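Participant: coords below, sequence missing:
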Ligand SMILES: CC(C)=CCC/C(C)=C/CC/C(C)=C/C=C/C(C)=C/C=C/C=C(C)/C=C/C=C(C)/C=C/C=C(C)/C=C/CC(C)(C)O
Ligand SMILES: C[S@@+](CC[C@H](N)C(=O)[O-])C[C@H]1O[C@@H](n2cnc3c(N)ncnc32)[C@H](O)[C@@H]1O
């Protein structure tokens with residue numbers, strides 16, 4: 001039976017049919033009332049075509065440490081050419097490309113300073129680390145259709161995230177978890193800041209961070225809740241790293257670290273709050289349901305579960321979810337970005353009584369869901 005289209009979809013269909021006509025586009029680009037819209041659409045489509053070049057301009061800036069150099073002091077083209085070990089022509093080409101992207105800015109006196117987006121990179125080494133590791137994703141995306149058609153896994157990114165394709169993840173050697181654990185630790189403060197702005201951890205006795213990596217999330221939470229006991233579960237070689245980090249940060253006496261495989265082992269008891277931070281989207285639905293049920297089983301009556309990760313369908317940041325993480329996780333070999341409502345339905349199925357989304361300051365970076373175990 002043909003579906004009846006709502007008025008909004010009928011209007012969209014008409015607009016897209018008109019836009020698909022080259023004669024209409026040529027007319028609309030000239031007609032004063034439609035010209036601004038035509039220019040905006042051309043710019044949007046051009047930015048999608050050219051986005052990979054913009055990303056490589058950023059990569060060059062990061063590799064050359066340009067933002068830190070400009071943060072030290074304004075500089076001339078000649079001084080920068082010397083610092084960057086580039087020819088004067090290449091230096092100016094890079095700085096002007098970066099300026100067009102608002103990463104740098106040339107002052108009236110001719111010296112270069114940070115642009116608004118370059119300035120936002122300062123003090124956040126997590127973004128630079130992400131940009132650097134994108135070289136792997138970039139290689140995997142060279143033929144996106146092949147990536148879509150290929151059996152999942154076997155890419156540069158799936159090798160980097162060693163647990164993604166491992167038959168026995170708990171047996172991974174330390175050398176295979178070091179790079180991804182370092183990247184996660186470097187980028188964790190910007191995620192933890194979102195969670196801390198959304199949730200007060202002082203109401204809990206003990207927090208178990210599952211897939212907690214090197215303990216960077218716990219180390220950010222700890223100062224905000226001095227009485228909170230810190231527990232972490234991750235693969236054995238990652239747990240070793242977490243133990244060392246938490247001890248080095250002075251939280252050794254407050255913490256208990258457990259090594260294991262969360263797809264096979266049950267989670268330790270004793271926490272009244274369990275968190276999954278950037279963990280669930282790495283896994284297919286079956287494993288996610290298993291993890292939610294394991295967490296439900298490990299929590300006492302009245303306990304809570306906290307999920308923090310970037311989510312699909314985030315208003316104002318839609319490409320971050322479905323495009324970036326959709327293809328990222330495809331290259332990684334498993335998992336998918338989920339909508340908040342999908343996770344909430346899974347939480348219900350796993351036996352949680354109620355769940356709600358908490359607003360975060362920058363939903364692009366992470367959104368937060370809280371789910372309750374019923375009180376008795
Ligand atoms: C004072 C006057 C006059 C004006 C000021 C005007 C004003 C208010 C300006 C705003 C300034 C401001 C506050 C800027 C803030 C900028 C921010 C917060 C920028 C943040 C950027 C964040 C970025 C680019 C994050 C990128 C994150 C990436 C790429 C994350 C990737 C994550 C991955 C790959 C995770 C992998 C884990 C896995 C495997 C999927 O589980
Ligand atoms: C994407 S990282 C997130 C780390 C940390 N939560 C963060 O946000 O920085 C996923 C974590 O899950 C852990 N992990 C993956 N598979 C696991 C498994 N089967 N058992 C236990 N931990 C696992 C990884 O070692 C890694 O530390």
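Facilitator: Ah, there it is. What you are looking at is a predicted structure, and each value in this text was computed from that prediction instead of being measured. Ligands and ions are numbered 1, 2, ... in the order given.

Participant: Would you mind measuring from residue 245 to residue 217?
Facilitator: Note on residue 245: its distance to residue 217, by CB to CB, to the nearest Å, is 11 Å. Where you see a C-beta, it was placed from the backbone N, CA and C, and this is true even at glycine.

Participant: Kindly report the same for residue 36.
Facilitator: 45 Å.

Participant: Neighbour count for the two, which is higher?
Facilitator: Between residue 36 and residue 217, counted using other CB atoms under 10 Å, residue 217 has the larger neighbour count: 27 against 9.

Participant: Packing partners of whatever helix or strand the more buried one lives in?
Facilitator: In this assignment (DSSP states H and E), residue 217 forms part of helix 216-221. Packing contacts for helix 216-221, counted by 3 or more CB pairs under 8 Å, 6 or more residues apart in numbering; DSSP states H and E, involve helix 178-198, strand 206-210, strand 229-234, helix 236-248.

Participant: quick one: which of those is nearest ligand 1?
Facilitator: helix 178-198 (6.3 Å; CB to the nearest ligand atom).

Participant: Please identify the buried residues of that closest one?
Facilitator: 180-196, 198 (16 or more other CB atoms under 10 Å).

Participant: So what touches it?
Facilitator: Helix 178-198 has contacts (CB atoms under 8 Å, 6 or more residues apart in numbering) with 124-127, 129-130, 133, 160-162, 213-214, 216-217, 220-221, 224, 238, 241, 245, 277-278, 306, 308, 358-362, 365-366, 368.

Participant: any idea of the angle it forms with helix 236-248?
Facilitator: Put simply, helix 178-198 runs at 60 degrees to helix 236-248, going by axes from the mean of the first three to the mean of the last three CA atoms, to 10 degrees.

Participant: quick one: helix 178-198 to strand 229-234, angle?
Facilitator: Using the same axes, to 10 degrees: helix 178-198 against strand 229-234 is 140 degrees.

Participant: when you scan helix 178-198, is anything in it near ligand 2?
Facilitator: Yes - applying CB under 6 Å from any ligand atom, one finds helix 178-198 touching ligand 2 at 184, 188, 191.

Participant: do stretch 211-227 as well
Facilitator: Yes - for stretch 211-227 and ligand 2, the contact criterion (CB under 6 Å from any ligand atom) is met by 211, 212, 213, 216, 217.

Participant: What does the pLDDT read for the last one?
Facilitator: Spelled out, it's residue 217. Residue 217 carries a pLDDT value of 98.

Participant: go on, residue 154?
Facilitator: 69.

Participant: Next: residue 304.
Facilitator: 98.

Participant: What of residue 2?
Facilitator: You'll see residue 2 listed with a pLDDT of 57.

Participant: Spell out whether the helix holding residue 217 and ligand 1 are in contact.
Facilitator: No - using CB under 6 Å from any ligand atom, helix 216-221 stays clear of ligand 1, coming no nearer than 12.7 Å.

Participant: what's the answer for stretch 48-56, then?
Facilitator: No - using CB under 6 Å from any ligand atom, stretch 48-56 stays clear of ligand 1, coming no nearer than 10.1 Å.

Participant: Can you pull out the residues in contact with that stretch?
Facilitator: Contact with stretch 48-56 is made by 47, 101, 131, 134, 138, as judged by CB under 8 Å, 6+ apart.

Participant: and the fourth one, which of the three is it?
Facilitator: The three-state label given to residue 134 by DSSP: H, G, I helix; E, B strand; the rest coil is helix.

Participant: Looks like it contacts residue 59 (just checking).
Facilitator: Yes - using CB atoms under 8 Å, residue 134 is in contact with residue 59, at 7.1 Å.

Participant: still on that earlier bit, put together a markdown table for the helices and strands packed on helix 216-221, with distance to ligand 1 and mean pLDDT on each row.
Facilitator: Written out in a markdown table, the entries for those read as follows (distance: least, CB to the nearest ligand atom, whole Å; pLDDT from 0 to 100):
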| stretch | distance to ligand 1 | mean pLDDT |
| --- | --- | --- |
| helix 178-198 | 6 | 98 |
| strand 206-210 | 13 | 98 |
| strand 229-234 | 13 | 98 |
| helix 236-248 | 13 | 97 |
